[in-house]
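K.L.:
okay, sequence plus prediction incoming.
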Amino acid sequence: MKTAVIGCRPLMTLAGAPGARRGADLGRVESIQDGGLLIEGQVLAAVGARAEIEALIDPGTEVVDLGGRLVLPGLVDAHAHPVFGGERVAEFVQRCQGCSYSEIAAAGGGILSTVQRTREATEEELVEGAHRRLSWFISHGTTTVEAKSGYGLDHETELKMLRVIRRLASEGRIDLVPTYLALHAVPAGQTQSSYAEEVVRETLPVVVREGLAQYADAFLEPGYFDADTVEFVLDAAKAAGLGLRLHADQLTCSGAAQIAARLGATTADHLEQTGAAGIAALADADVQPVLLPGSVLGLGLSHYPDARAMIDAGLAVVLATDFNPGSSPTVSLPMVMALACRYMAMTPEEAIVACTINAAHSLGRSHDRGSLEPGKRADFVVFDANDPREVPYWFGTNLVRETWIGGVRY
Ligand code: NIG
Ligand code: FE
């Protein structure tokens, strides 16, 4: 089955050297003014000017004419928590009235309230809730999403979450990359170290044996987990073959960026409070920063991560939503791009690279997605626009008309 998609004006291919982009290359977005794509099955067979694609059309080819609309590679969300029970809309209202995230957590809300609802939910209920939210991701142009556990905080519920993520991925709609968020908060009745022991002794071996995760993650922050506990668990995860991601320096600068570097993590995420020494450590160890401005907005804070300093230091910056029911209830990468442009001095082109090829690279997927090139997955987004800079410009406006995942149009 072949499909030719023409009338892509412009077609942003982002074609180029494989892997992540840094420095001046971060702002390079290759494009074809009037382009087209030829899809065979789930894959791009050809990418080129309209005339080149039209020359490949045979009687068995379905032709879709987009009528002159912007096309980008499918957006890749490299940090998200899309599986959970319940919601936290009451906390949102409390925060609007001036309560802080930490005050709410100390009063029994926050992550632990979602843990309660996630433990109570059946697998079926978790799948159902996630389906609804994953369709929001698709309608905002996301074609691959990282999915963390971390709202179970016990053996059974963490495995339940990871099995739900595997089931959602196997449906073949939006693609999910599973992460075992081993240390998200200290469960009631446990200490940091008793919980970390349980993780390493009981849960991690099952996660690895059943192939339930590709990455492990932890929340390094005063009041959550300290450096020793994080290193104990993430070292074990690494030894067991998982890649590492780390929630680092979100609310306080605790040297977490340096720890991510020392652990050889693939990514260090958040980094709102990271300074020059942390940035230098990430650069030395080639850790990708995953910046999450949606959570800064969601928490009503004003201190965004220093993306410019990271780009100047040669880091392969990624932008992601941090979609979760507490600090960042948005699925919209275009909205995240808008925040990055307005508050983090990124250009629209840099923001697009950070949500496509760089994000794909941070998930070990830049070989088959993140740009539009022959042999890669037919994952792309059609916008009601003709200039890529419009994507962050019309903030809060969903310009996505169609999202194509593996050659299927949504
Ligand atoms: O990435 N920082 C820790 N975890 C999430 C928040 C999760 C929640 O509040 O439920 C985050 O912001
Ligand atoms: Fe997070």
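P.N.:
Thanks, I have it. Ligands and ions are numbered 1, 2, ... in the order given.
K.L.:
ligand 1 contacts on this protein?
P.N.:
110-111, 114, 219, 247, 250, 295, 322, 324-328 (C-beta under 6 Å from any ligand atom). Yep, even glycine has a C-beta here, placed from its N, CA and C like the rest.
K.L.:
quick one, strands of the stretch 101-250 of the chain?
P.N.:
142-148, 175-183, 215-218, 243-248 (DSSP state E, counting those that start in this stretch).
K.L.:
looking at these, which is nearest to residue 98?
P.N.:
strand 243-248 (24.8 Å; C-beta to C-beta).
K.L.:
quick one: distance of the closest one to the chain centre.
P.N.:
Relative to its chain's centre, strand 243-248 lies at 13 Å (C-alpha atoms, centre = their mean, to the nearest Å).
K.L.:
what residue in the protein comes nearest to ligand 1?
P.N.:
residue 326 (2.4 Å; C-beta to the nearest ligand atom).
K.L.:
my guess is that residue contacts residue 88. True?
P.N.:
Yes. At 5.3 Å, residue 326 and residue 88 qualify as touching, with contact defined as C-beta atoms under 8 Å.
K.L.:
give me the most central residue, this structure.
P.N.:
residue 78 (2.1 Å; C-alpha atoms, centre = their mean).
K.L.:
so what does that residue have for phi and psi?
P.N.:
phi -90, psi 10 (degrees, to the nearest 10).
K.L.:
chain center to the longest strand seen in the chain, what's the gap?
P.N.:
If you go by DSSP state E, the chain has its longest strand at strand 61-73. Centroid separation for strand 61-73 versus its chain: 26 Å, with C-alpha atoms, centre = their mean.
K.L.:
buried residues, whichever helix or strand comes after that strand. List them.
P.N.:
Next in sequence after strand 61-73, counting helices and strands by DSSP states H and E, comes strand 75-77. Within strand 75-77, the residues that qualify as buried are 75, 76, 77, counting by 16 or more other C-beta atoms under 10 Å.
K.L.:
with stretch 67-80 instead?
P.N.:
Buried, per 16+ other C-beta under 10 Å, within stretch 67-80: 69, 70, 71, 72, 73, 74, 75, 76, 77, 78, 79, 80.
K.L.:
worst-scoring helix or strand of the chain, pLDDT-wise?
P.N.:
The helix or strand of the chain with the poorest confidence is helix 101-106; it has a mean of 89 (mean pLDDT, DSSP states H and E).
K.L.:
just checking, what packs against it?
P.N.:
Judged by 3 or more C-beta pairs under 8 Å, 6 or more residues apart in numbering; DSSP states H and E, helix 101-106 is in contact with helix 89-96.
K.L.:
can you name every helix or strand that the helix it packs on contacts?
P.N.:
Using 3+ C-beta pairs under 8 Å, 6+ apart: helix 89-96 touches helix 101-106.
K.L.:
do that again at 10 Å, thanks
P.N.:
Counting contacts by 3 or more C-beta pairs under 10 Å, 6 or more residues apart in numbering; DSSP states H and E, helix 89-96 is packed against helix 101-106, helix 111-120.
K.L.:
between helix 111-120 and it, find me the angle.
P.N.:
170 degrees (axes from the mean of the first three to the mean of the last three C-alpha atoms, to 10 degrees).
K.L.:
how about low-confidence regions in the stretch 301-410 of the chain?
P.N.:
Residues of the stretch 301-410 of the chain meeting the criterion pLDDT under 70: none.
K.L.:
so where do the helices sit in it?
P.N.:
Listed in chain order, the helices of the stretch 301-410 of the chain (DSSP state H, counting those that start in this stretch) span 307-312, 333-343, 348-354, 357-362, 390-393.
K.L.:
for the shortest one, packing partners?
P.N.:
With contacts defined as 3+ C-beta pairs under 10 Å, 6+ apart, the packing partners of helix 390-393 are strand 61-73, helix 333-343, helix 348-354, strand 380-383.
K.L.:
and the buried residues of stretch 67-80, which is closest to residue 390?
P.N.:
residue 70 (7.3 Å).
K.L.:
what sits against that closest one?
P.N.:
By C-beta atoms under 10 Å, 6 or more residues apart in numbering, the contact set of residue 70 is 8-12, 31, 381-391, 399, 401.
K.L.:
filter these down to the buried ones.
P.N.:
Judged by 16+ other C-beta under 10 Å, buried ones among the contacts of residue 70: 8-12, 31, 381-383, 385, 388-391, 399.
K.L.:
surely residue 282 forms part of a strand?
P.N.:
No. Residue 282 is assigned helix when assessed by DSSP: H, G, I helix; E, B strand; the rest coil, not a strand.
K.L.:
and the pLDDT at it?
P.N.:
The model reports residue 282 with a pLDDT of 98.
K.L.:
measure residue 8 to residue 139 for me?
P.N.:
As defined by C-beta to C-beta, to the nearest Å, residue 8 lies at a distance of 20 Å from residue 139.
K.L.:
let me redo that: residue 28
P.N.:
Where residue 139 is concerned, residue 28 sits at a distance of 28 Å (C-beta to C-beta).
K.L.:
who has more neighbours, the two?
P.N.:
Neighbours were counted for residue 28 and for residue 139 using other C-beta atoms under 10 Å; residue 139 has more, 16 against 13.
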